[in-house]
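[1] got a sequence here, can you build the structure:
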Amino acid sequence: MTRHTPVRRVAPHACETSRVVASLVRLARQISRVLSIVTIPALFVLAAVSCGEVVEKVPPKPKQDRVNTANFVLDVDPMMRGTVASETVVEGLSPVVVRGYGLVVGLKETGGRLMPAEVRAAMTQELARRGVGNPATSPEGWTPEKLLDSPDTAVVLVEGVIPPGATKDTKFDIRVSALPGTDVTSLEGGRLYTCDLRPGPLLVGSRQAKILAEAKGNLFINPFVEPGATRSDAVNRLVGRILDGGRVTQDITLKLKLATSSHTRARTIQGAINSSFPREPKQKSETARGENADSIDLSIPPSYEGKTEDFIQIVRHLPMEVTATEATALAVRNALIANPGAAKAAMWRFRALGKRALPIIQDLYTYGEEDPRMAALQAGAALDDALVVSPLLQMAGAGSVENRLKAIELLGEMGFNPDIDLGLRPLLDDPDVDVRLAAYEALVDRKDPTIAMMDIDGKFDIALVPSKEPMLYVAQSGRPTIAVFGDHPEVERPLTFIGWSSRLMVKADAGDDQLQVFFRATPESRPEIQLADPRLSEFIPFLGHQTTIEKPYPGLGLSYGETIGALHQLWRAGYIKSDFKAEQDRVLASILRSQKEDEQVIRPEFEAEDVPEESLSSDASDLATMQPPPPVEVPAPGRDTVPR
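    You can find the predicted model right below:
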């Protein structure tokens, strides 16, 4: 019997599925072999090449370097660590010398027409710009050329010193001198026409520094000059000054420059300054404004106008950490005792810390060592601590002259306090003349009612100072002032005085109650004879007052300089029994100090401004080498030879 094996029958669609699966397996194996040889990135590159392009991989961006950039290195004194000055320097800390060419008018045929050609071209253009030659603004027939050629005018060099950080409308004194090589014989009696002042060297032409100030006013010639004299002598009549004759026309920029660039530190410094100097009424902006990581702009608060140097020093000595005032004051106090040579820095640090530092320093007011004591007293006086008055008055009354003068100055700067006024008044009788003058200036600053002030036609003031020591004191800076010390001093009689080439004569017999005064304004003018009171409190106003319909009382109408000159000649002749003192010429001293620095580099904030080429015909010319003639001071005999 035959056995049959069963046959499995497969459906047709199942066979087809098996064949598809086998094909997919073979394809997967081929792809796997290819991928083992050619990587996926390579496939992309090949694909790109086939399209004619090459795509490069972007390198990773490096991490930013967070290290701050050092701009310069500061050598920080231990006393100054942690302050604004330990991380910054002040740009604009120095006074700014400004110069310009100006025109003096009103001279009595003592002017001149000689000047360099480029100066004449510049002055012609400037006078035309100011309206000279315009029929609507100047007398008929006047032109810039005619004015420059007049014997009653002179082109002059005008100089002044703007204090650091001065604000707009700040006033300062002006020095005026005739140009070298000029034919001008005297500037006496002249008035400076308004002129512009710029920093840096004198330039005319297409590029000049920006205008910072302007100057104008009546010239004040050496007060001891004989007016109108033409004989050769040692007095220089080609140099004069205008007290308070300069005016700042724009704020002087102050900046803090960071030693290390850092936005974080700039914000910290800005916050410390604005915390100590919050914005005041009428202040246009915050006191400190961060400009960038390297610079901070500073604005002078209105309460510090006229005291910009104090403001700058306080800012420099401010602590970066404003919350630990007492601890900081104690640390500064201990450092001061350990190192008295740092007294000046310690004083400013105490002032910068404010009134919260007073309890820490009050025990130093009577400290045995001088430097720490003076540092504490100066800081206490500036912070208006009433406890400082008694020690300062004791110092003002006895001790070295230097300390006495410093104590008087500090008392004068303090706020209202009757004890200060009562303590300063006896010093007007002090045997030392410098002490008397310091007490007078302090009491004037404090507006003490015992010192009477008289305004003479707006030209100058007379201060009547009660004192047992008669003296005449002449101011040569700020407001023109003649101070008369004494108990109603008078012109001595009998007298016969002839001065100013017989243009001024004064006569009186013994017992006369009035003086006969003979005066000619010019050698050609008609003489006038008037009577005057011999008391200096009346005689000096008589010399300066100009008789008018509104003020008909008698007077000669002399200028400030002429009035001082007449008094000086009477004093030299022995008809005024007193000391005669003149204030030091602070204008010239300040200019000379500033000239020691490098003035040939114009500061960035005073960069040159473009002037239209057609405005001046000449090329730019540097006339900085044209130095004015040096002033010659004539020492007066007797006790008036020591200037202040």
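
[2] switch to C-alpha atoms for all contacts and neighbour counts from now on
    Will do.

[3] okay, now D75: neighbour count?
    Burial measure for D75: 7 neighbouring residues, criterion other Cα atoms under 10 Å.

[4] hmm, I typed the wrong one, I wanted E145.
    The number of residues packed near E145 is 18, by other Cα under 10 Å.

[5] kindly report the same for the one 10 residues further on.
    Taking other Cα under 10 Å as the neighbour definition, V155 ends up with a count of 28.

[6] which helices and strands sit right next to the helix or strand in which it is found?
    Assessed by DSSP states H and E, V155 sits inside strand 154-162. Strand 154-162 sits against strand 96-105, strand 171-178, helix 586-595, with contacts defined as 3 or more Cα pairs under 8 Å, 6 or more residues apart in numbering; DSSP states H and E.

[7] direction included, what does it pair against?
    Sheet pairing of strand 154-162 (DSSP bridges) gives strand 96-105 (antiparallel), strand 171-178 (antiparallel).

[8] list the buried residues in whatever helix or strand I269 lives in.
    Assigned by DSSP H and E, I269 falls within helix 263-276. Residues of helix 263-276 classed as buried under the neighbour-count rule (16 or more other Cα atoms under 10 Å) are 263, 265-267, 269-273, 276.

[9] distance to A293 and pLDDT added to those residues, as JSON lines?
    Compiled in JSON lines, the buried residues of helix 263-276 are given as follows (distance: Cα to Cα, whole Å; pLDDT from 0 to 100):
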{"residue": "H263", "distance to A293": "4", "pLDDT": "93"}
{"residue": "R265", "distance to A293": "8", "pLDDT": "93"}
{"residue": "A266", "distance to A293": "6", "pLDDT": "94"}
{"residue": "R267", "distance to A293": "9", "pLDDT": "94"}
{"residue": "I269", "distance to A293": "11", "pLDDT": "95"}
{"residue": "Q270", "distance to A293": "11", "pLDDT": "95"}
{"residue": "G271", "distance to A293": "14", "pLDDT": "94"}
{"residue": "A272", "distance to A293": "16", "pLDDT": "94"}
{"residue": "I273", "distance to A293": "16", "pLDDT": "95"}
{"residue": "S276", "distance to A293": "21", "pLDDT": "93"}
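
[10] any buried residues in stretch 337-344, and which?
    In terms of neighbour count (16+ other Cα under 10 Å), stretch 337-344 has its buried residues at 337, 340, 342-344.

[11] of those residues, which belong to helices?
    With helices identified by DSSP state H, the entries of the buried residues of stretch 337-344 that belong to them are 337, 343-344.

[12] tell me the one among those nearest to R113.
    Distance ranking of those against R113, using Cα to Cα, places K344 first at 52.3 Å.

[13] point out where this structure drops to low pLDDT.
    Across the chain, the stretches falling below the confidence threshold (pLDDT under 70) are 1-68, 135-140, 205-206, 222-235, 585-644.

[14] please name the nearest non-neighbouring residue to the residue most central in space within it.
    For the chain, the residue sitting closest to the mean C-alpha position, by Cα atoms, centre = their mean, is P163 at 1.0 Å. The shortest distance from P163 to any residue other than its chain neighbours is 4.7 Å, reached at P95 (Cα to Cα, 6 or more residues apart in numbering).

[15] that neighbour: neighbour count?
    By other Cα under 10 Å, the residues close to P95 number 19.

[16] can you name the residues that contact it?
    161-164, 594 (Cα atoms under 8 Å, 6 or more residues apart in numbering).

[17] neighbour-wise, give me the winner out of those residues.
    I162 (26 neighbours).

[18] distance check, that residue against R198.
    For I162, the distance to R198 (Cα to Cα, to the nearest Å) stands at 11 Å.

[19] joint contacts of these two?
    Common neighbours of I162 and R198 (Cα under 8 Å, 6+ apart) are V98.

[20] nearest to A117 among the ones in helices among the buried residues of stretch 337-344?
    When those are compared for distance to A117, the smallest value, 51.3 Å, is given by K344; criterion: Cα to Cα.

[21] if I look at the closest one, how far off is H317?
    From K344 across to H317, the span is 11 Å (Cα to Cα).

[22] now Q208
    36 Å.

[23] ok, now A396?
    Counting by Cα to Cα, the gap from A396 to H317 is 28 Å.

[24] and what of M414?
    To H317, M414 is 21 Å away according to Cα to Cα.

[25] got it, and G111?
    Taking Cα to Cα as the criterion, G111 is separated from H317 by 52 Å.

[26] again with I482
    Taking Cα to Cα as the measure, I482 and H317 are separated by 39 Å.

[27] for I242, grab phi and psi.
    phi -120, psi 110 (degrees, to the nearest 10).

[28] and it, how close does it get to E326?
    The span separating I242 from E326 equals 48 Å under the rule Cα to Cα.

[29] so if I had to pick from those two, which one is more boxed in?
    Shown here are I242 and E326; by other Cα under 10 Å, I242 has more neighbours (28 against 15).
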